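Asker: need coordinates for the below:
(chains A and B)
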There are 2 protein chains.
Amino acid sequence: MRKSNKLKIIPLGGLSEIGKNMTAIDYKDEIIVIDCGLSFPEDEMLGIDIVIPDISYLLKNKDRVKGIFLTHGHEDHIGALPYVLKKLNVPVYGTKLTIGLVDVKLKEHRLNNVNLNIVKPKDIIKTNLMEVEFIKATHSIPDACSIAIHTELGVIFHTGDFKIDYTPIDGDVMDFHRIAELGKKGVLVMLADSTNAERSGSTMSEKTVGLSFDDIFKGAKKRIIVASFASNIHRVQQIVNSAYKYNKKVAVSGRSMVNVVNVAKELGYLTLPEGILIDLNDINNYAHDELVIITTGSQGEPMSALSRMAASEHKKMEIERGDLVVISAHAIPGNEKTVSRVINQLFEKGAQVIYDDLEHIHVSGHACKEELKLMHRLVNPKYFIPVHGEYRHLKQHAELAKSMGMPSENIFTINTGSVVEFGKSHARLAGYVPSGNILVDGLGVGDVGNIVLRDRKHLSEDGLMVVVVTIAKENGKVIAGPDIISRGFVYVRESEDLIEKAKVVVREALIECENKQIREWAYLKNAIKDELKNYLYEKTKRNPMILPIIMEI
Amino acid sequence: MRKSNKLKIIPLGGLSEIGKNMTAIDYKDEIIVIDCGLSFPEDEMLGIDIVIPDISYLLKNKDRVKGIFLTHGHEDHIGALPYVLKKLNVPVYGTKLTIGLVDVKLKEHRLNNVNLNIVKPKDIIKTNLMEVEFIKATHSIPDACSIAIHTELGVIFHTGDFKIDYTPIDGDVMDFHRIAELGKKGVLVMLADSTNAERSGSTMSEKTVGLSFDDIFKGAKKRIIVASFASNIHRVQQIVNSAYKYNKKVAVSGRSMVNVVNVAKELGYLTLPEGILIDLNDINNYAHDELVIITTGSQGEPMSALSRMAASEHKKMEIERGDLVVISAHAIPGNEKTVSRVINQLFEKGAQVIYDDLEHIHVSGHACKEELKLMHRLVNPKYFIPVHGEYRHLKQHAELAKSMGMPSENIFTINTGSVVEFGKSHARLAGYVPSGNILVDGLGVGDVGNIVLRDRKHLSEDGLMVVVVTIAKENGKVIAGPDIISRGFVYVRESEDLIEKAKVVVREALIECENKQIREWAYLKNAIKDELKNYLYEKTKRNPMILPIIMEI
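Answerer: Residues are numbered from 1 along each chain as shown, chains lettered A, B, ... in the order given. Purely as a prediction, here's the structure:
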């Protein structure tokens, strides 16, 4: 793409959610990238581990990319860094905790030569043409920021993920004054979090959850197990606070929880009273009413610590009759069934389970309608791009902006890869850049495409049947086989008859070819495939993948 | 199982939900079966179409089974009949609409020799030892009933699926008086619907949805598309009523919607004003403001009519900019993502979409806490078995009963297959009968078990690699191959190098065997498998299924 005098904003990456994992700000000689996250695969992406943004647009303009600026340390905002930095090693900027979490991630991937920069809220990073300002925000992880980018054409204000918490746990309130100041001076365009744009009212303060923990922990005679997101350090802090208040010890379970607690402790984001933390191996040295166990697994992830406890597969502890389990999280869409399964198992083991929003044991990290309205009024932008949400959320956020008086033509409800272009006195949709997603499966980045996924789906539904025949080179006669091997199709021991008859069908197809004096492999294979497919469908109403293999001697 | 003098209640079938698909009432010489439904497969049941109850307990006691009594016509209560009746051809009893829907189903399966019996509410079917009484209930399908079974030991009251609707669409109010009468005389045990036992308050009347339709349809200039469950005939009736009121025509889309509308019309459960129904092929003859299209697809099912309209794959119509789509349903847990995808697509096509409970365009068919309390007070049973829900729902329903004063020991929160036994003056858990679920895949009933599913899962995650080698009988030398074919593993054209090296690995493994003078096939196969597995994992961190095939000439 030719460089132009226009300012361009382009969301990159993200599956159903738009403008979440990565956003490019492109102006003349420079490109600024906001965030670099991953997505978790959709159901139909069989076998895929994670999904990262397609950065071919950035690679094509490699020399112009000045840096990656991180709003906060959640996976969907930093998780693609190890992959992206391998191809595009630019400086990375973020607050202390964010960079701390990035650092752990890069070490796991053995990436050492990365230019990591710790910033503080109010810091401004200057490039030749732009100034990137970090502004304190509140979210479900500490040290989150909004980002304002100052350009000749005006200010771009990106909220980052946010909620408005008037009483945050660390006392570090979002920088309303700076936002108001920017709004007063004039903001060209705002990009704002749309996650909860369908929800009316306001998200409660994180502090309300602490009050619920106090209620639950106070006088509890039971062992308490609390499941939460590892990265929600303020939640962990509140669990620790309530435990301390009621003379309980805290043990931590689950790899990511242990990791985050360590990083947060080291960097000073978690305050642990002397001696409160005990090793999970030592919990049996304490009475049940002295114990709180913080664990991963709030989404019912099958391999998580809580799931393993519920299924009696955890090495160090098991749920016992009388335990009190608090699931301090809301099921992310798509996880409802796995969460429900864990709750059922916990109840069956005789635990008491608290799992509902009704109990005020969880609050969202994203702004609801009334908070979004405050942000719109404070920032008062000329143009608006709803981001961070599925199309339905962006649409509702756009409606909200309209209801507050913003003209429709100033709102851009866009898709991933869309370019919104700003000139001195206009803004318009200006086409698309290559975008999309790269599937990561094991070490393979981008080597699993539609054909492989289609085959996996086919195999997953009806299994496969391999047919092997050896034929003589000189006369095309069958000299061994057909042999048939199937997997994932039927239970072979109980279907011997079906398999034997399938061999007959193959033999007949081969004889037919022989009679017609056809010896091309492609034809033979197709003949086997077609006849067998019809036979199996007629007998079973299933369509296994059929792989005919011909060996010639 | 030996016949005894005790009365036994046994829930059979159902996946995560207990006491939903089928319940057996076993007393002396007789077994009464309530409902005969199917479940839809869980995510990990790859390729499975439906799941039906394991009826081995009933088959073992075949001669004692007196009949299947249906509470209502939903799939999870009648859907297993075609499979069960093939093995256990007993009389079936149900109300007119229920039997009408069963009849369609049996015809599809070409089952003709079934003894179907239409009953009316208040009817009593007598066996030698029991009297089975049908009692009018309200639910999200017309003609639903509770069932009371009168025995020497007392009355068993099974609510069936129900909500308390004081103003049902057909005016046919549930039979409070009979329930109260039974309660006054004394009920031994109640089995009651627990679906909404976690929800406080009361479910709104179906009538409220009609008022919303009126609001939406009134003066609408747009084409209106309403997605709903086909079986919710009262919902369909209300759509028709609102369309009629505002001078619109109604077209029907989606196979199950067309089927149900036909049955309901024929049996008198749907009142259609003359000329209101038009063919979907003819919609282009009408202006947009004259049209209402009722369609399936409220759960975002990929092959449903609404999904196809949203994806531009419907043969007869497409969503156009300015259409108004009403999704008159709530996503069933597990369907959130597919529903969301359809909503996103509809918005992207420029439709207006109404999809939230906030708009009062849907009400549940199940009783919330306050309704459950009324039922408990009216029936006033001595014992209580919560049914029709996941374990968490049964547990909450049990808590509700306790909170109303029922002693814990009189409540049985049980699992599928559990036997609750009643004597003259006691009730107790009395072990388990064989129970569980049978997977149906195409024509195969029960032939897909754990091994096949495990293979499908393996194949779905990493695909497979087939290795074929032909060796000479006389000396064990390789005379053709190794050939390698892979599917669902990597995109072969871009991985030729990997595949070539994999062949080298196989050759080396075979040479090693030859050097050791080992010629047993099992050993050779394992050697190939192990070496290849290690090689592929090292190179890709993936574990495809490896199928070594040795042909001997």
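
Asker: what are the ranges of the strands in the stretch 51-200 of chain A?
Answerer: A:65-69, A:92-94, A:116-118, A:124-126, A:131-136, A:145-151, A:154-158, A:187-193 (DSSP state E, counting those that start in this stretch).

Asker: could you save those as a markdown table and add columns showing distance to residue B:251, mean neighbour count and mean pLDDT?
Answerer: C-beta: built from backbone N, CA, C; applies to glycine. Putting the strands of the stretch 51-200 of chain A into a markdown table (distance: least, CB to CB, whole Å; neighbours: other CB atoms under 10 Å in any protein chain shown; pLDDT from 0 to 100) gives the following:
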| stretch | distance to residue B:251 | mean neighbour count | mean pLDDT |
| --- | --- | --- | --- |
| strand A:65-69 | 52 | 23 | 97 |
| strand A:92-94 | 55 | 25 | 98 |
| strand A:116-118 | 61 | 15 | 98 |
| strand A:124-126 | 59 | 14 | 97 |
| strand A:131-136 | 53 | 21 | 98 |
| strand A:145-151 | 49 | 24 | 98 |
| strand A:154-158 | 46 | 24 | 97 |
| strand A:187-193 | 40 | 25 | 98 |
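
Asker: okay, now residue A:426: neighbour count?
Answerer: 9 (other CB atoms under 10 Å in any protein chain shown).

Asker: contact partners for the residue found closest to residue A:495 once you drop the neighbours it is linked to in the chain?
Answerer: Spatial nearest neighbour of residue A:495, chain neighbours left out: residue B:447 (6.9 Å); criterion: CB to CB, 6 or more residues apart in numbering or on different chains. Residues in contact with residue B:447 (CB atoms under 8 Å, 6 or more residues apart in numbering or on different chains) are A:490-491, A:494-495, B:441.

Asker: residue B:447 - that's part of a helix, no?
Answerer: No: secondary structure of residue B:447 (DSSP: H, G, I helix; E, B strand; the rest coil): coil, not part of a helix.

Asker: next, the contact list for residue A:437, please.
Answerer: By CB under 8 Å, 6+ apart, the contact list for residue A:437 reads A:13-15, A:39, A:51-54.

Asker: in chain A, where is pLDDT below threshold?
Answerer: A:1-3, A:357-358 (pLDDT under 70).

Asker: any idea how far residue B:237 is from the nearest residue to residue A:270 once chain neighbours are set aside?
Answerer: Nearest non-adjacent residue to residue A:270, counting by CB to CB, 6+ apart: residue A:264, 4.1 Å away. Note on residue A:264: its distance to residue B:237, by CB to CB, to the nearest Å, is 58 Å.

Asker: of the two, who's got more company?
Answerer: Counted by other CB under 10 Å, residue A:264 and residue B:237 do not tie: residue A:264 has more neighbours, with 24 against 20.

Asker: quick one: contacts for the more buried one?
Answerer: A:97, A:142, A:233, A:236, A:270 are the contacts of residue A:264 under CB under 8 Å, 6+ apart.

Asker: against residue B:150, how distant is it?
Answerer: In this view, residue A:264 and residue B:150 are 65 Å apart by CB to CB.

Asker: most neighbours, which of the contacts of residue B:447?
Answerer: Of these, with other CB under 10 Å as the count, residue B:441 tops at 27 neighbours.

Asker: beta-bridge partners for that residue, please?
Answerer: residue B:444 (DSSP bridges).

Asker: that one reaches residue B:52, doesn't it?
Answerer: No: Residue B:441 is beyond contact range of residue B:52, at 11.7 Å (criterion: CB atoms under 8 Å).

Asker: on that earlier part again, show me which residues of the one helix or strand the residue nearest to residue A:270 maps to are buried.
Answerer: For residue A:264, the element it lies in under DSSP states H and E is helix A:255-266. Within helix A:255-266, the residues that count as buried by 16 or more other CB atoms under 10 Å in any protein chain shown are A:257-261, A:263-264.

Asker: again with stretch A:243-251
Answerer: By 16+ other CB under 10 Å, the buried positions in stretch A:243-251 come out as A:243-244, A:246, A:248-251.

Asker: need the distance between the two termini of it.
Answerer: With CA to CA, to the nearest Å as the measure, the ends of stretch A:243-251 fall 11 Å from one another.

Asker: with neighbour count added, can I get the contacts of residue A:437 in JSON lines?
Answerer: As requested, these are exported to JSON lines (neighbours: other CB atoms under 10 Å in any protein chain shown):
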{"residue": "A:13", "neighbour count": "30"}
{"residue": "A:14", "neighbour count": "27"}
{"residue": "A:15", "neighbour count": "17"}
{"residue": "A:39", "neighbour count": "22"}
{"residue": "A:51", "neighbour count": "23"}
{"residue": "A:52", "neighbour count": "24"}
{"residue": "A:53", "neighbour count": "30"}
{"residue": "A:54", "neighbour count": "20"}
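
Asker: what about chain B: which of the residues you listed touch it?
Answerer: Within the set of those, contact with chain B (CB under 8 Å from any CB of the partner chain) is found for no member.

Asker: which of those sits closest to residue B:132?
Answerer: Set against residue B:132, the nearest of the contacts of residue A:437 by CB to CB is residue A:15 (52.0 Å).

Asker: so what touches stretch A:400-414?
Answerer: With CB under 8 Å, 6+ apart as the test, stretch A:400-414 has contacts from A:11, A:18-19, A:197, A:369, A:372-373, A:376-377, A:382-386, A:391, A:394-395, A:398, A:418, A:420, A:427, A:429.

Asker: from these, which are also near chain B?
Answerer: Near chain B, taking CB under 8 Å from any CB as the test, the members of the contacts of stretch A:400-414 found are A:391, A:395.

Asker: tell me which of the contacts of stretch A:400-414 fall in helices.
Answerer: A:369, A:372-373, A:376-377, A:391, A:394-395, A:398 (DSSP state H).

Asker: once you drop chain neighbours, what's closest to the residue in the stretch 301-450 of chain A that chain B sits nearest to?
Answerer: Nearest residue of the stretch 301-450 of chain A to chain B (CB to the nearest CB) works out as residue A:442 at 3.2 Å. Nearest residue to residue A:442, sequence neighbours excluded (CB to CB, 6+ apart): residue B:541, at 3.2 Å.

Asker: ok, how many other residues are close to the nearest residue to residue A:78 once chain neighbours are set aside?
Answerer: Counting by CB to CB, 6+ apart, residue A:78 lies nearest to residue A:102, which is 5.4 Å off, once chain neighbours are set aside. Counted by other CB under 10 Å, the residues lying close to residue A:102 total 23.

Asker: shouldn't residue A:102 be in contact with residue A:94?
Answerer: Yes: look at residue A:102 against residue A:94 with CB under 8 Å: they come within range, at 6.6 Å.

Asker: what's the overlap in contacts for those two?
Answerer: Residues touching both residue A:102 and residue A:94 by CB under 8 Å, 6+ apart: A:70, A:73, A:78, A:116.

Asker: contacts only, for the third one.
Answerer: Listed by CB under 8 Å, 6+ apart, the contact set of residue A:78 reads A:35-37, A:70, A:94, A:98, A:101-102, A:105.

Asker: give me the buried entries from these.
Answerer: By neighbour count, with 16+ other CB under 10 Å, these hold A:35-37, A:70, A:94, A:98, A:101-102, A:105 as buried.

Asker: narrow the residues you listed to those in helices?
Answerer: Judged by DSSP H, these include A:98, A:101-102, A:105 as members of helices.

Asker: ok, these vs chain B, which is closest?
Answerer: For those, the nearest to chain B is residue A:105 (17.1 Å; CB to the nearest CB).
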